[in-house]
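In: Just to be clear, the model below is a prediction. Sequence and coordinates:
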Amino acid sequence: MNAVMHQHNKDQVWAYWLELERSDADSALAVAERYQAPEAAWYGPAPLPDLAGPKAFVSGYWTALKHALPDLTRQTHLYMGGESNGRRDGDIGRDGQAWVSGTGLLTGTFSNDYLGIPATGLPVSIRWGECCRMHDGRIVETYLLLDFIDLMQQAGLQVLPSSRGCDGLYPPPVAGDGVLRTAQDAAVSAYSLDHIRRFIFEGLNRFDKSELKSMGMSHYFHPHVKWYGPGGIGACLSLKEFEDLHQRPWLVAYPDRKVQDLTALFAEGAYSGGPGWAGVKATHTGPYLDAPATGRSVVFNGMDWWKREGEQYVENWVFVDMVHLFRQFGIDLFERMRLQIAAR
């Protein structure tokens with residue numbers, strides 16, 4: 001991918017987010033039409049539908065969010081992109097595509113209900129992650145996740161058991177260097193992409209269904225890695241916490257889980273990331289949180305960003321669409337929420 005075009009793409013998405021944040025009901029559509037292609041596809045978190053085109057994006061997603069948080073402000077903790085190379089088998093597939101991504105917090109006063117989540121009238125922070133595929137300087141495909149479980153918790157609703165990890169912890173990089181607005185060293189970026197591919201496809205996928213060491217996590221994760229998981233899982237602040245509080249319960253539930261062909265995987269500088277819609281496939285053969293094993297085949301919609309220092313990852317920001325996951329168990333977490341509200 002041309003370095004000049006990549007920088008242009010980053011400038012475009014940054015301007016798009018800023019203008020969208022500042023828009024009102026009358027101007028949001030004009031902003032979306034300026035930066036999105038007419039046929040742009042948008043994929044969001046359950047229970048939101050897939051959307052096509054700027055008009056559907058505004059009416060089906062943005063208007064309701066902005067109504068809920070009229071003073072919405074976007075905090076961007078990580079900002080990077082690159083050329084995708086996310087296929088496990090090396091087939092060109094979706095590879096060679098240009099992507100720009102970011103994650104952080106949407107903050108504001110929760111003034112009006114959102115998707116049935118009751119407004120508190122208090123400040124809230126909604127974790128967001130977004131990956132935009134670019135073509136000819138415009139957004140043609142977007143994958144976005146919001147942490148609805150965490151937002152429900154802020155509204156006093158607990159639809160999942162208490163997290164094993166630490167709730168509400170989703171900070172920017174410790175070094176404060178995650179917003180890559182300018183060009184990064186191409187050789188460093190190339191090595192980061194090769195490194196994350198090895199970690200995912202030659203490390204995580206090597207689990208032998210019995211011994212965590214088979215994945216070689218201690219080779220890839222620093223002993224004091226900070227793993228920032230979603231609501232319902234929580235953050236783990238060391239490799240030991242990651243293994244004890246997340247990885248072991250996860251692999252009990254899904255011992256055969258495999259990373260498939262990701263929607264995208266890219267790297268810039270020391271950072272790498274990407275979305276995976278159905279990027280992980282597994283069989284639900286063990287209990288997970290309060291859900292007994294169903295024996296069903298499930299897929300995971302998620303996003304990750306990693307920061308590499310040398311040969312190890314020191315931070316990992318993680319999204320999993322928990323509402324979508326539990327739907328596959330036959331459990332509607334929004335219905336649980338509605339029942340809790342009715343019982344108040």
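Out: Happy to help now that I have it. Numbers count the residues shown, from 1 in each chain.

In: next SSE after the helix or strand harbouring residue 249?
Out: Assigned by DSSP states H and E, residue 249 belongs to helix 248-253. Per DSSP H and E, the first helix or strand lying C-terminal to helix 248-253 is strand 258-259.

In: Give the other helices and strands that the next helix or strand after that next one contacts.
Out: Sequence order places strand 266-268 as the next helix or strand after strand 258-259, per DSSP H and E. Secondary-structure packing of strand 266-268 (3 or more CB pairs under 8 Å, 6 or more residues apart in numbering; DSSP states H and E): strand 73-83, helix 186-197, strand 271-283. For glycine as for every other residue, the C-beta is placed from the backbone atoms N, C-alpha and C.

In: Helices of the stretch 51-200 of the chain, residue ranges please.
Out: Listed in chain order, the helices of the stretch 51-200 of the chain (DSSP state H, counting those that start in this stretch) span 54-57, 63-68, 148-154, 186-197.

In: quick one: contacts for the residue lying closest to residue 150 once chain neighbours are set aside?
Out: Nearest residue to residue 150, sequence neighbours excluded (CB to CB, 6 or more residues apart in numbering): residue 231, at 3.4 Å. By CB atoms under 8 Å, 6 or more residues apart in numbering, the residues touching residue 231 are 127, 147, 148, 149, 150, 151, 152, 153, 160, 163, 167, 322.

In: Pop out the phi and psi values for residue 231.
Out: Dihedral pair for residue 231: phi -50, psi 140, per degrees, to the nearest 10.

In: swap in the one 5 residues further on?
Out: Recorded main-chain torsions at residue 236 are phi -120, psi 130, according to degrees, to the nearest 10.

In: what pLDDT does it get?
Out: At residue 236, the pLDDT value in this model is 97.

In: same deal with residue 25?
Out: At residue 25, the pLDDT value in this model is 87.

In: measure it to residue 33 for me?
Out: 15 Å (CB to CB, to the nearest Å).

In: Neighbour count: the two, which is higher?
Out: residue 33 (16 against 11; other CB atoms under 10 Å).

In: Would you confirm that the more buried one contacts residue 54?
Out: Yes - with contact defined as CB atoms under 8 Å, residue 33 counts as touching residue 54 (4.6 Å).

In: about what we covered before: now the helices of the stretch 51-200 of the chain as CSV including mean neighbour count?
Out: Converted to CSV, the helices of the stretch 51-200 of the chain look like this (neighbours: other CB atoms under 10 Å):
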stretch, mean neighbour count
helix 54-57, 20
helix 63-68, 17
helix 148-154, 23
helix 186-197, 17
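
In: Any chance of a markdown table for the ones you listed, columns mean pLDDT?
Out: Shown next, in a markdown table, are these (pLDDT from 0 to 100):
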| stretch | mean pLDDT |
| --- | --- |
| helix 54-57 | 98 |
| helix 63-68 | 98 |
| helix 148-154 | 98 |
| helix 186-197 | 96 |
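
In: Adding distance to residue 290, write those helices out as CSV.
Out: Shown next, in CSV, are these (distance: least, CB to CB, whole Å):
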stretch, distance to residue 290
helix 54-57, 34
helix 63-68, 28
helix 148-154, 13
helix 186-197, 33
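
In: And the ones you listed: which comes nearest residue 292?
Out: Of all the helices of the stretch 51-200 of the chain, helix 148-154 sits nearest to residue 292, with 19.5 Å by CB to CB.

In: Tell me which other helices or strands the closest one touches.
Out: With contacts taken as 3+ CB pairs under 8 Å, 6+ apart, helix 148-154 sits against strand 123-135, helix 322-327, helix 333-343.

In: low-scoring pLDDT stretches of the stretch 51-200 of the chain, where are they?
Out: 87-94 (pLDDT under 70).

In: rerun at 50
Out: For the stretch 51-200 of the chain, the stretches with pLDDT under 50 are 90-92.
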